[in-house]
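Novice: structure of the sequence below:
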Amino acid sequence: MPRRLIDVRPAAERALLLGAPRKRSADAAASQEHLDELARLADTAGAVVVGRMSQFVVAPTPDFYIGRGKVEEVAARLAELSASLLIMDEELSPTQGKHLEDALKVRVMDRAELILDIFALRARSREARTQVELAQLEYLLPRLTRMWVHLSRIRGGIGLRGPGETQLETDRRMIRQKIGALKVKLGEIGEHRRRLQGRTAGRGVTKVALVGYTNAGKSSLLRALTGAAAHVEDRLFATLDTASREVVLGGRTFRFTDTVGFIRKLPHDLVASFRSTLEEADQADVLLHVVDVAHHDWLEQARVVSETLAGAGLERHPVVMVLNKADRLDQADRDRRLAEAQALGFPAVLVSATTGLGREELVQAIAGHPVSGEPRNRG
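Specialist: Numbering: from 1, shown residues only. As a prediction, the model looks like this:
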């Protein structure tokens, strides 16, 4: 199992959050929402958030990302809160991370490293562990000089040997070799999955992939539709491993597959590593885009998922928007949000995985799509 990039101990690691969006950007307008989400990520990793700070930047500086005056302000705030960890909501370059750590004398993480750490903590299957380890190593390689301070002081390392600056070039070579081996391993796992997928061809099974923002309720919906046990937890990235269940509904066989959740600013290395998992969605007859319709920012979350799917080449698939957690809304809000979802150009169904609301309507919407090999009616 891949080792975590950091060693976060519950109730021991006190973290200060720092957002630094560009002025007049969409991120700036939603800066508090982004920090709320970062706080949930930190909680999922086991850290205790003790404070928040923000700075709106015209452009990131090459040395610290933020201005020098803000660095001094952050240092004072860290000392005041007795915090030992700074978590940045922005992606830091290796140089920026090193300079911040040197100036602040605490560990500095960016959002990408935090998400990678959570994935390392949550991965269970062989494929998920391999994907996470690959993403970790690709993140680590350009940052190895800075990370050596961590490795000697706190971290156990990821496939590395021996402390000391003299080992850097040797370890870079070892990491590159390990990355190559992991890519070969993922290719073999993907080939095995494709052979298994071939066995369902011709059996008249409608393949349905559940995609969506993290914590939208995909696992709860999978359990509601199939009756199968699925891990459900009110935390970001509660489940990472792909789970498939077959069930007969209305005399027709469906295979539902739950996939990894998406989130804003998902690390590029992680998206690339999990591309093989997204092959499950690529092989689907229909995608269920599960949305937490009760969330105040549900349209933005839906946009993030749609862009990620488009980046993975999955936008050509038939999509049904599943407006989950509708039981938390009154009828007026349900009607309004259903109309907003339909305006995006997709069929949409209001459901509640908890109460069963809309279950039959959803099954009918899925059944309207042909199985693999049958002609698709895109009208």
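Novice: make it CA atoms for all contacts and neighbour counts henceforth
Specialist: Fine.
Novice: all helices for the stretch 101-250 of the chain, in order.
Specialist: All helices of the stretch 101-250 of the chain, identified by DSSP state H, counting those that start in this stretch, fall at 111-122, 126-140, 144-153, 168-200, 218-226.
Novice: I'd like the ones you listed as TSV, with distance to Gly358 and mean pLDDT appended.
Specialist: Below are the helices of the stretch 101-250 of the chain laid out as TSV (distance: least, Cα to Cα, whole Å; pLDDT from 0 to 100):
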stretch	distance to Gly358	mean pLDDT
helix 111-122	31	85
helix 126-140	32	84
helix 144-153	50	53
helix 168-200	28	80
helix 218-226	11	88
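Novice: just put these in a markdown table and tack on mean neighbour count and distance to Ala348.
Specialist: As requested, the helices of the stretch 101-250 of the chain are exported to a markdown table (neighbours: other Cα atoms under 10 Å; distance: least, Cα to Cα, whole Å):
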| stretch | mean neighbour count | distance to Ala348 |
| --- | --- | --- |
| helix 111-122 | 23 | 30 |
| helix 126-140 | 23 | 31 |
| helix 144-153 | 17 | 46 |
| helix 168-200 | 14 | 28 |
| helix 218-226 | 22 | 15 |
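Novice: Thr95 and Tyr65 touch, don't they?
Specialist: No - counting by Cα atoms under 8 Å, Thr95 sits too far from Tyr65 to count as a contact (9.5 Å).
Novice: looking at these two, which has the bigger crowd around it?
Specialist: Tyr65 (22 against 16; other Cα atoms under 10 Å).
Novice: burial of Arg255, as a residue count?
Specialist: Counted with other Cα under 10 Å, the neighbours of Arg255 add up to 18.
Novice: pLDDT wise, what is it at?
Specialist: In this model, Arg255 is scored at 88, pLDDT.
Novice: am I right that His34 falls within a helix?
Specialist: Yes - His34: assigned to a helix according to DSSP: H, G, I helix; E, B strand; the rest coil.
Novice: mind checking pLDDT for the most centrally placed residue in the chain?
Specialist: By Cα atoms, centre = their mean, the chain has its centre lying nearest to Phe262, at 4.0 Å. Predicted confidence (pLDDT) at Phe262: the value is 84.
Novice: so who does it touch?
Specialist: By Cα atoms under 8 Å, 6 or more residues apart in numbering, Phe262 lies in contact with 212-214, 304-305, 308.
Novice: beta partners of it?
Specialist: When assigned by DSSP bridges, Phe262 has beta-bridge partners Tyr213.
Novice: please report how far it lies from Ala353.
Specialist: Going from Phe262 to Ala353 by Cα to Cα, to the nearest Å gives 19 Å.
Novice: quick revisit: would you list the contacts of Phe262 in a markdown table and tack on distance to Ile87, pLDDT and neighbour count?
Specialist: Shown next, in a markdown table, are the contacts of Phe262 (distance: Cα to Cα, whole Å; pLDDT from 0 to 100; neighbours: other Cα atoms under 10 Å):
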| residue | distance to Ile87 | pLDDT | neighbour count |
| --- | --- | --- | --- |
| Gly212 | 25 | 90 | 30 |
| Tyr213 | 22 | 91 | 25 |
| Thr214 | 20 | 86 | 24 |
| Val304 | 22 | 89 | 19 |
| Val305 | 24 | 89 | 23 |
| Thr308 | 24 | 81 | 19 |
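Novice: what's the closest of those to Gly204?
Specialist: The shortest approach to Gly204 among these belongs to Gly212, at 25.8 Å (Cα to Cα).
Novice: pull the contacting residues for the closest one.
Specialist: Gly212 touches 218, 261-262, 289-291, 302, 305, counting by Cα under 8 Å, 6+ apart.
Novice: with those residues in mind, which one is nearest to Val108?
Specialist: The closest of the contacts of Gly212, once distances to Val108 are taken by Cα to Cα, is Phe262, at 23.6 Å.
Novice: figure out how far stretch 79-95 is from the centre of its chain.
Specialist: 21 Å (Cα atoms, centre = their mean, to the nearest Å).
Novice: now what about it, what contacts it?
Specialist: 13-21, 34-35, 38, 50-51, 62-65, 78, 106-112, 114, 142-143, 146.
Novice: show the pLDDT at Ser125.
Specialist: In this model, Ser125 is scored at 75, pLDDT.
Novice: number the residues from 507 up from this point.
Specialist: Noted, 507 is the first residue going forward, which turns the last one into Ser631.
Novice: that one - how many residues pack around it?
Specialist: Counted with other Cα under 10 Å, Ser631 comes out at 13.
Novice: what of Leu772?
Specialist: Neighbour count of Leu772, defined by other Cα under 10 Å: 15.
Novice: try Asp836
Specialist: Here the number of neighbours of Asp836 (other Cα under 10 Å) works out to 9.
Novice: ok, Val612 next?
Specialist: Neighbours of Val612 (other Cα under 10 Å): 16.
Novice: give the contact list for it.
Specialist: 590-592.
Novice: got the phi and psi for it?
Specialist: The phi/psi pair for Val612 (degrees, to the nearest 10) reads phi -140, psi 170.
Novice: any idea which of the contacts of Gly718 is closest to Arg840?
Specialist: Of the contacts of Gly718, the one sitting nearest to Arg840 (Cα to Cα) turns out to be Val797, at 13.0 Å.
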